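Peer 1: how would this look folded up:
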Amino acid sequence: MTAGSLPFGRVFGIPVRVSWSVVIVSTIGSFVVATNMLPRADADLKLWIRALLAVLAVALFLASILAHEFGHALAARRHGISTSSIRLWIFGGVAALSSVARSPRAEFQIAAAGPAVNGSLTLAFAGLAAVNRWAGGPGVLGLVFAGLAILNGLLTVTNLIPAAPLDGGRVLTSVLWHRTGRAEHARLISARCGLVLSASVISFGFVEMLRWGRPEGLYTIAIGAFLGVAARGDLNSAAIRRRLSDISVADILVSTPRAVHDSLSLAELHRLTPAGAPSRSLPVQRWEHETIGYVSTAAAESVAEPERSWTSVGRVMTRPDLVPRAWTTERLLDALERHGIAPPQILCIDPASGRTMGTVTPDQFRHLMIRPNLWGNDRATTRARPYRHTAVGGTEGSMGGRPLPELPPLGVRTDT
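Peer 2: This is a model prediction of the structure:
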């Protein structure tokens, strides 16, 4: 996300970065404004004054985009959601939020904050243009203020289109979420609207190029493609999160896995693991009934083969107090949001007794992380039965021996 961008310091404690694409486009934009637009208002204006006004206009427009993103970030902060960074790039700005909103109200307020900032700036710049005209100020200055008012007005209107990843899509999500009580279903509908919007924008870009002969159609097509990629990402995230929210930790845990001795070598552990079997988290014991740690069978794979024969399980195990924990009654989605998308292992604790009821590794829920089809519907493989393991290490439901898919990101929310 930060590759190819320049650090711009911190504002309100949030790192700001500017892409090189913004620098290039801003330079071109300043040149066009200084040599083409401003001379129409005052042909006698000196070049250095036109250049100064052009740079000021472009800088104020970029500041408007930055203010839009800070509207999201500061509204998110009010709801306990931090922002890791804000980045300006060729298609606008992105505020990377640490998590999704926890309520329809928070979703609405965070989404609406950006367009509200641009709406306020539209009125402010329009007011400055009116004051400049009333006071008999320079016509070029009034043109700059009027242009900024129009651009901020366009940002307000376009961002309120009800389709993800635009802010209007988040607003639509909040409304559907409030009406149905189903957050991920609402996000899925908004993402589908984003795919339709993407196809429409790309089609319009081709019309611009092929029918009207306007090269600007290429940029329109690029915007449509960006919207499509972002909407597809939101759709994947919503579909996967919907599956995870329907599954509890108890549904996928490995119940009472057999223990291994801490002196067991990784080579022996590897031989005890059936070829192609999903990884498991096993208790490590030194004396009977005394668990001193947990080890994932995948640990043997991470150690070079020549070293496995003399590396013991006790050397690579994780102490029980350092293994992430989850209640058996909680949603799998909540556990993963707390511990990350692919924790090596999780201890499953019964909330009533406080006893460890089993363990979970990413292989137990990997089938739930498969990306849906283009429209967000689940493929047949995502409905496969979750892995269930017996106390002696037997395995049911191997998904036909096919290789396990890579875990995709859950889609940490960003605002554009």
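
Peer 1: Helix or strand: which one has residue 285?
Peer 2: Secondary structure assigned from DSSP states H and E places residue 285 in strand 281-287.

Peer 1: Return the set of buried residues in that strand.
Peer 2: 281-285 (16 or more other C-beta atoms under 10 Å). In short, each C-beta sits where N, CA and C put it, glycine included.

Peer 1: In the next helix or strand after it, which residues have enough neighbours to count as buried?
Peer 2: For strand 281-287, the succeeding helix or strand toward the C-terminus, using DSSP H and E, is strand 290-296. The neighbour-count check on strand 290-296 (16+ other C-beta under 10 Å) flags 293-296 as buried.

Peer 1: swap in stretch 97-111?
Peer 2: With burial defined by 16+ other C-beta under 10 Å, the residues of stretch 97-111 counted as buried are 97, 100-101, 104, 106-111.

Peer 1: Would you mind pulling the contact partners of that stretch?
Peer 2: With contacts defined as C-beta atoms under 8 Å, 6 or more residues apart in numbering, stretch 97-111 is touched by 72-73, 75-76, 78-84, 167-171, 173-175, 177-178, 183, 337, 412-415.

Peer 1: same thing but at 7 Å, please
Peer 2: 72, 75-76, 79, 81-84, 167, 170-171, 173-174, 177-178, 337, 412-415 (C-beta atoms under 7 Å, 6 or more residues apart in numbering).

Peer 1: that older thread, with distance to residue 268 and pLDDT added, can I get the buried residues of strand 290-296 in JSON lines?
Peer 2: Listed next are the buried residues of strand 290-296 as JSON lines, based on distance: C-beta to C-beta, whole Å; pLDDT from 0 to 100:
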{"residue": "293", "distance to residue 268": "17", "pLDDT": "93"}
{"residue": "294", "distance to residue 268": "17", "pLDDT": "94"}
{"residue": "295", "distance to residue 268": "12", "pLDDT": "93"}
{"residue": "296", "distance to residue 268": "16", "pLDDT": "91"}
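
Peer 1: Tell me which two in those are the farthest apart.
Peer 2: When the buried residues of strand 290-296 are compared pair by pair using C-beta to C-beta, the two farthest from each other are 293 and 296, 11.1 Å apart.

Peer 1: mind giving me the domain ranges of the protein?
Peer 2: The chain is divided into the following domains under automatic domain parsing: 1-160, 164-246, 249-398.

Peer 1: Tell me which of those is the most buried.
Peer 2: Neighbour counts (mean count of other C-beta atoms under 10 Å) averaged over each of these peak at domain 164-246, with a mean of 19.

Peer 1: mean confidence score for that domain?
Peer 2: Per-residue pLDDT over domain 164-246 has a mean of 94.

Peer 1: Equivalent analysis for stretch 29-40, please.
Peer 2: Rounded to a whole number, the mean pLDDT of stretch 29-40 is 87.

Peer 1: what comes into contact with it?
Peer 2: The set of residues that contact stretch 29-40 without belonging to it, under C-beta under 7 Å, 6+ apart, is 45, 50-51, 53-55, 57-58, 140, 143.
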